[in-house]
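Visitor: Predicted coordinates and the sequence they were generated for:
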Amino acid sequence: MVQQQQRAIETKEQLLSAAAEVFGRQGYRATTLNDILGSTNLTQGALYFHFKSKVGIAEEILRRQHELSNALGASFLQSGDGGLVSIVRLSGALAAQILTEPIVRAGLRLGTESAEDLPGAAAPYRDWIEMAHELLRRADTEGDLRPGLNLEAAAELVISAFTGTQFVSAALSGSADLLERLERLWPVLLGGMAGDPGHPAVARASELVRAGASTGMDAGIPS
């Protein structure tokens, strides 16, 4: 019985790993169940034992991507670092997840391209906006933001800018230049938010993005 349960777990993980690679490469609508099976040595029976549909597989990938990104975001929310420094470092850590974890890459593509097909697609974005909002509230309390800044709008802008940067990088370089693009993004983005243009989050954006990426790489992200 224990061996059967272990085989079932391994089969499910194999299916999800294959699906993440295919969804990440082709997107949701262009992917069929045969495409997913074709990159494994499994049968249709094995697939349908674990998942009843393509939607079910995609929803599970979205759920796992959400868990991985939320856990990483929570570590920055719980740190004692300043709000602006934390938000820049968090972007680097999330970029590291994108670069190293197929589940995260696939989840981001599924959530962005196929929201109308997948009921759970919007939840990660709401949580990321709330994470950004919390870090901006911390920065505001610390006196690091421009007076009167609309924190809700700023949080939405941060997540929109990060998501857009990630997809531009994916389209133009296969994500190879994602960190470099984030290094260029933050001084411009924070230039309109920070009360002091010489704030460390602005002046040291490149260093902070790289430090965050190292944190993401060292987080033991499972493959």
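Guide: Yep, it's here.

Visitor: Ala115: what's it in contact with?
Guide: By Cβ atoms under 8 Å, 6 or more residues apart in numbering, the contact list for Ala115 reads 121-122. Quick note: C-beta positions are derived from backbone N, CA and C, even for glycine.

Visitor: Next, find the distance separating it from Leu94.
Guide: 19 Å (Cβ to Cβ, to the nearest Å).

Visitor: cool, Glu13 as well?
Guide: 23 Å.

Visitor: Among these two, which residue is more densely surrounded?
Guide: Leu94 (26 against 12; other Cβ atoms under 10 Å).

Visitor: Can you say which helix or strand has that one in it?
Guide: Secondary structure from DSSP states H and E places Leu94 in helix 83-100.

Visitor: Please name every helix or strand in contact with that helix.
Guide: In terms of contacts (3 or more Cβ pairs under 8 Å, 6 or more residues apart in numbering; DSSP states H and E), helix 83-100 is packed against helix 54-77, helix 102-113, helix 122-141, helix 151-173, helix 178-191, helix 200-203, helix 205-218.

Visitor: repeat that for 6 Å
Guide: helix 54-77, helix 102-113, helix 122-141, helix 178-191, helix 200-203, helix 205-218 (3 or more Cβ pairs under 6 Å, 6 or more residues apart in numbering; DSSP states H and E).

Visitor: Show me where this protein dips below the pLDDT cut-off.
Guide: Counting by pLDDT under 70, the chain has low-confidence residues at 1-2, 216-223.

Visitor: how about 80 then?
Guide: When residues are selected by pLDDT under 80, those of the chain lie in 1-5, 8, 113-117, 119-120, 215-223.

Visitor: Sounds good, over and out.
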